[in-house]
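**Q** One predicted model, sequence on top.
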Amino acid sequence: MKVGLVVYGDLEPRSGGYRYDRRLVEGLRERGDRVDVISLPETSRARSFAHNLSGRLVRDLDRSFDVLLQDELCHPSLVGLNRRLDREYPIVSIVHHLRASELSGLSRRLSCELERAYLSTVDAVICNSRPTRAAVAELTDTPGLIAWPGVDRFEGFPTDAEITARAQRDPFEVVFVGNLLPRKGLDTLLGALAGVERDWHLTVVGDESGPAYAREVRDLVRREGLADRVEFTGWLDDGNLAARLGSAHLLAVPSIHEGFGIVYLEGMAFGLPALASASGGASDLVTDGKTGHLVAPGDERAIARAVDRLATDRDRLAAMSLAARRRYERHPTWDAVGERIRAFLEHRVARANQSPA
């Protein structure tokens with residue numbers, strides 16, 4: 001197949017969504033497909049609407065593709081542009097999560113209508129979780145596929161015996177992995193941990209993508225007197241990140257919303273229960289009370305209770321850690337995910353090529 005993929009910027013794996021897109025491209029190319037990446041300029045959300053008026057972008061997309069993939073994140077740039085295309089190929093949108101899912105009130109309603117308008121211009125969707133698919137179904141009846149992100153990022157995982165022994169060590173090690181952005185909920189986690197009396201330590205791994213927010217959380221650490229219990233590492237390469245995950249007890253990323261939350265799965269590879277958002281796709285991965293805890297966005301008390309319980313009951317922690325590892329082992333690989341997506345794309349291409357009845 002000749003495939004196009006529309007994204008903002010490049011495919012450097014700065015987030016789970018970009019890693020998903022990148023692995024999809026790699027998988028298609030490994031199977032002999034040609035994939036052209038069409039990079040849209042990264043700009044403010046308001047300025048991205050101007051892309052819909054671009055003649056150059058229309059020409060970039062008016063090619064002889066068999067199928068055009070679009071990262072749904074680009075919907076402000078494509079909601080009008082798609083209607084200008086003189087195309088015979090199907091458009092398939094890759095939906096990691098709807099932006100409306102992060103918002104509330106009027107902002108949410110406006111975002112819903114914008115995303116509804118965009119989704120009306122595509123022929124099918126690929127969603128990364130059942131909750132994401134359900135959210136899309138509220139906006140459109142466009143056919144779709146649920147394709148979880150695959151796993152195979154790390155190597156050298158601890159054994160069951162090492163996971164069990166680790167559970168008895170002090171202090172209780174919590175790790176947060178994610179870009180420092182408000183929607184990731186680091187401030188909520190810090191507020192919760194400030195109220196936990198047990199001996200704990202938090203490692204924060206991630207780029208300071210939002211400088212103002214990064215200053216805010218660092219100020220919070222100072223105000224709460226937590227400077228000796230919280231470490232900010234910045235971005236880490238996979239080797240150093242694996243070392244941090246391998247020595248921790250709990251992965252905690254209490255986001256406002258996660259379309260899937262691949263970081264939870266990556267933590268489970270190391271036998272880490274996940275403290276995850278109850279909003280979004282984490283419920284596809286995390287069984288509350290068995291492989292981790294699902295908490296409502298912003299619920300500091302629920303986070304504090306979960307941390308305190310695991311820090312106190314180390315036998316329970318060991319059992320949940322092993323259950324998390326088993327959940328990881330059952331998860332499909334990227335190779336299996338790629339096969340499912342490619343079969344879905346071939347089906348969409350075949351339908352588009354059918355002669356009218």
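**A** Received the coordinates, thanks.

**Q** Which stretches in this structure count as strands?
**A** In the chain, the strands defined using DSSP state E lie at 2-8, 34-40, 67-71, 91-95, 124-127, 144-146, 172-177, 200-205, 230-234, 250-253, 274-277, 292-295.

**Q** can I get the ones you listed in a markdown table with mean neighbour count?
**A** Backbone N, C-alpha and C define where each C-beta goes, glycine included. As requested, the strands of the chain are exported to a markdown table (neighbours: other CB atoms under 10 Å):
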| stretch | mean neighbour count |
| --- | --- |
| strand 2-8 | 21 |
| strand 34-40 | 16 |
| strand 67-71 | 24 |
| strand 91-95 | 25 |
| strand 124-127 | 23 |
| strand 144-146 | 18 |
| strand 172-177 | 23 |
| strand 200-205 | 21 |
| strand 230-234 | 16 |
| strand 250-253 | 26 |
| strand 274-277 | 28 |
| strand 292-295 | 25 |
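
**Q** Please name the bridge partners of the closest residue to residue 302 other than its chain neighbours.
**A** Sequence neighbours aside, residue 295 is the residue nearest to residue 302 in space, at 4.4 Å (criterion: CB to CB, 6 or more residues apart in numbering). Beta bridges link residue 295 to residue 277, judged by DSSP bridges.

**Q** Residue 295 and residue 275 touch, don't they?
**A** Yes: using CB atoms under 8 Å, residue 295 is in contact with residue 275, at 6.6 Å.

**Q** Overlap in contacts, those two.
**A** Listed contacts common to residue 295 and residue 275 are 254, 303, 306; contacts here mean CB atoms under 8 Å, 6 or more residues apart in numbering.

**Q** The last one: how many residues sit nearby?
**A** The criterion is other CB atoms under 10 Å. On that basis, residue 306 has 24 neighbouring residues.

**Q** and the lengthiest helix in the chain, how far out from the chain's middle?
**A** For the chain, the helix with the greatest residue count under DSSP state H is helix 334-353. Centroid separation for helix 334-353 versus its chain: 22 Å, with CA atoms, centre = their mean, to the nearest Å.

**Q** Can you give me the distance of the residue lying closest to residue 296 once chain neighbours are set aside to residue 145?
**A** Ranked by CB to CB, 6+ apart and with sequence neighbours excluded, the top spatial neighbour of residue 296 is residue 278, at 5.3 Å. Separation of residue 278 from residue 145 (CB to CB, to the nearest Å): 25 Å.

**Q** Would you format the shared contacts of residue 295 and residue 275 as a markdown table with distance to residue 58 and pLDDT included?
**A** Below are those laid out as a markdown table (distance: CB to CB, whole Å; pLDDT from 0 to 100):
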| residue | distance to residue 58 | pLDDT |
| --- | --- | --- |
| 254 | 42 | 97 |
| 303 | 48 | 98 |
| 306 | 51 | 97 |
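
**Q** before we move on, the earlier item: columns distance to residue 108 on top of the strands of the chain, output as CSV?
**A** As requested, the strands of the chain are arranged in CSV below (distance: least, CB to CB, whole Å):
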stretch, distance to residue 108
strand 2-8, 22
strand 34-40, 24
strand 67-71, 21
strand 91-95, 17
strand 124-127, 19
strand 144-146, 22
strand 172-177, 26
strand 200-205, 29
strand 230-234, 31
strand 250-253, 22
strand 274-277, 16
strand 292-295, 21
